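Chemist: With the input below, show me the fold.
(chains A and B)
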There are 2 protein chains.
Amino acid sequence: MAGVKSDGSDSGLVLLDVFGSPFAQRVSIALAEKGLAYERAEQDLTAKSDLLRRSNPVHGKVPVLLHDGRPVCESLAILQYLDEAFPGTPPLLPPVSDPYARARARFWGEYADRLHFCGKRLWLSAPGGDGGEAEPGARAEMATVLRALEAELGEGDFFGGAAFGYVDVAAAPFAAWFLTYERHGGPSVAEECPALAAWAARCSRRESVAANVYPPEKVHELVQEYRRWMLGRK
Amino acid sequence: MAGVKSDGSDSGLVLLDVFGSPFAQRVSIALAEKGLAYERAEQDLTAKSDLLRRSNPVHGKVPVLLHDGRPVCESLAILQYLDEAFPGTPPLLPPVSDPYARARARFWGEYADRLHFCGKRLWLSAPGGDGGEAEPGARAEMATVLRALEAELGEGDFFGGAAFGYVDVAAAPFAAWFLTYERHGGPSVAEECPALAAWAARCSRRESVAANVYPPEKVHELVQEYRRWMLGRK
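Modeler: Predicted coordinates for the structure are as follows:
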């Protein structure tokens, strides 16, 4: 059942995920950054497994990370768990000696969730492909979110400064969605937030990200499919 | 500008808050548990101060904890910051040697937010005072949230077991709202979740909570006032 560390020892890690879920991708990116091998247990959210229901009885969602059989839920809690349970691996959060930087990273890691929720308002309301008309307010909100992230990134290569860290892991899955947001009435990231666009490109070239996140065109294609399915059910 | 620790030394802490905000109360309860003195800078959210805008430019919300002038935002991030910045004070999270318990506490601390959001659906939709008819689904959701918390609490005095810890601090401000939820069409906590009701009573007798949280009847009175003001604006 368990994964195998890159050094060959048993890490006892099983990731319940759905390929394409940005929240689950946070965990697979973090595991890759830390060189921790694991077993991937792909879930079907339309027919939830007993394992998923038992492991995350509260939300019934992915990702769940099982470590020696014990479930850890919620993507950001899992990232912090990995730092604490595997202290010998490259840390995601800034060091314990810098509580202020850690608090700041926790703030921005959570803020990155807004890309998802605001993005969903865009791609659910606008037909996509040609820019379309998005729900009033969604485009403005996305512009606000992107600009806040651009300002926080500053002139660093990553949110973690020189190192790819916690906020980068939290936000990187959504970088592959920028194209989708744009095609569904969102602002042009390249034009309005050039530093963030450069960060997104930098992330996409990173092995941990490339191996776990679909390319932007593929994300857009899947969102179009999902959108048709979702709207067709109403 | 700065607060004074119980040992008389300068803690450099200023809390931007609004008395009555359950999220700000998390921080004042935590500061009391840790014996950290601070200056309280009451904010007016209808006319935001420059200090608040500058300290929390992203959300413009309370609580913000200034530590030697540097702002820390988001209540749960502040609790974790206090553990890390003041390691000599009673910890809120379980020890670093138990990453699993810490991940679990982070999960449930965040889950406690649902009391707020679900509670708001109740008191905005039902007139209150006499039970009234709440928005369909809100009562059922509140029952689910309360039962999940009841199950997590188990037979312990607190979510932290024998000790009043992180999840207790995160949830305690909402315990004073149980009466309000009930009077706005929510389930009876005493009848449906007796362990949680006993926990709420235990919290209300705790000095750190009693000093920072209004009693349940007062909360209900203020919610009625706020509700009239809010609905009157539409």
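Chemist: Which positions in stretch A:25-41 come out as buried?
Modeler: For stretch A:25-41, the neighbour count (16 or more other CB atoms under 10 Å in any protein chain shown) marks A:25-34, A:36-38, A:41 as buried. C-beta coordinates here come from the backbone N, C-alpha and C atoms, glycine included.
Chemist: Which members of these define the maximum pairwise distance?
Modeler: A:E33 and A:A41 (20.5 Å; CB to CB).
Chemist: Redo the buried residues of stretch A:25-41 as CSV? Include secondary structure, distance to A:A163 and pLDDT.
Modeler: Listed next are the buried residues of stretch A:25-41 as CSV, based on DSSP: H, G, I helix; E, B strand; the rest coil; distance: CB to CB, whole Å; pLDDT from 0 to 100:
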residue, secondary structure, distance to A:A163, pLDDT
A:Q25, helix, 19, 98
A:R26, helix, 17, 98
A:V27, helix, 19, 98
A:S28, helix, 19, 98
A:I29, helix, 14, 98
A:A30, helix, 13, 98
A:L31, helix, 17, 98
A:A32, helix, 15, 98
A:E33, helix, 10, 98
A:K34, coil, 13, 98
A:L36, coil, 18, 97
A:A37, coil, 22, 96
A:Y38, coil, 22, 97
A:A41, strand, 30, 96
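Chemist: can you give me the offset of the least confident helix or strand in chain A by mean pLDDT from its chain's centre?
Modeler: Ranking every helix and strand in chain A by mean pLDDT, DSSP states H and E puts helix A:216-233 at the bottom, with a mean of 89. Relative to its parent chain, helix A:216-233 has a centroid offset of 18 Å by CA atoms, centre = their mean, to the nearest Å.
Chemist: Same question for stretch A:170-185.
Modeler: On the basis of CA atoms, centre = their mean, stretch A:170-185 sits 11 Å off its chain's mean C-alpha point.
Chemist: same check, this time on stretch A:27-47
Modeler: Counting by CA atoms, centre = their mean, stretch A:27-47 comes out at 12 Å from the chain centroid.
Chemist: Any idea how far apart the tips of it sit?
Modeler: One end of stretch A:27-47 sits 22 Å from the other (CA to CA, to the nearest Å).
Chemist: what's next to that stretch, contact-wise?
Modeler: A:1-7, A:11, A:13-19, A:49, A:51-52, A:61-63, A:65, A:75, A:78-79, A:82, A:86, A:89-90, A:92, A:164, A:169, A:172-173, A:207-209, A:211-213 (CB atoms under 8 Å, 6 or more residues apart in numbering or on different chains).
Chemist: cool, stretch A:209-220 as well?
Modeler: By CB under 8 Å, 6+ apart, the residues outside stretch A:209-220 that reach it are A:20, A:22, A:25, A:28-29, A:32, A:128, A:172-173, A:175-180, A:183, A:203-204, A:222.
Chemist: Stretch A:92-105 too?
Modeler: By CB under 8 Å, 6+ apart, stretch A:92-105 touches A:30, A:33, A:79-80, A:82-83, A:106, A:159-160, A:165-167, A:169, B:67, B:70, B:72, B:77-78, B:80-81, B:84-85.
Chemist: Which ones among these map onto helices?
Modeler: Cross-referencing those against helices under DSSP state H gives A:30, A:33, A:79-80, A:82-83, A:106, A:166-167, A:169, B:77-78, B:80-81, B:84-85.
Chemist: Neighbour-wise, which one of those residues leads?
Modeler: A:V169 (30 neighbours; other CB atoms under 10 Å in any protein chain shown).
Chemist: just checking, that residue touches A:Q80?
Modeler: No: if you go by CB atoms under 8 Å, A:V169 and A:Q80 don't touch, sitting 10.9 Å apart.
Chemist: of the buried residues of stretch A:25-41, closest to chain B?
Modeler: A:V27 (12.2 Å; CB to the nearest CB).
Chemist: Spell out which parts of chain A neighbour chain B.
Modeler: Applying CB under 8 Å from any CB of the partner chain, one finds that chain A approaches chain B through A:58, A:67, A:70, A:72-74, A:76-78, A:80-81, A:84-85, A:96, A:99-100, A:102-104, A:106-107, A:110-111, A:148.
Chemist: what about A:E192, how many neighbours?
Modeler: Neighbour number of A:E192 under other CB under 10 Å is 15.
Chemist: Quick one: residues contacting it.
Modeler: A:A143, A:L146, A:R147, A:E150.
Chemist: I'd like the distance between the first one and A:E191.
Modeler: From A:A143 over to A:E191 the distance is 11 Å, taken as CB to CB, to the nearest Å.
Chemist: the more surrounded of those two?
Modeler: Each of A:A143 and A:E191 has its neighbours counted (other CB under 10 Å); A:A143 has more, 17 against 9.
Chemist: That one and A:A112: what is the separation?
Modeler: According to CB to CB, A:A143 stands 16 Å off from A:A112.
Chemist: try A:A85
Modeler: 22 Å.
Chemist: How about A:E150?
Modeler: A:E150 is 13 Å from A:A112, where distance means CB to CB.
Chemist: Looking at those two, which is more packed in?
Modeler: Higher neighbour count among A:E150 and A:A112: A:A112, with 24 against 17, using other CB under 10 Å.
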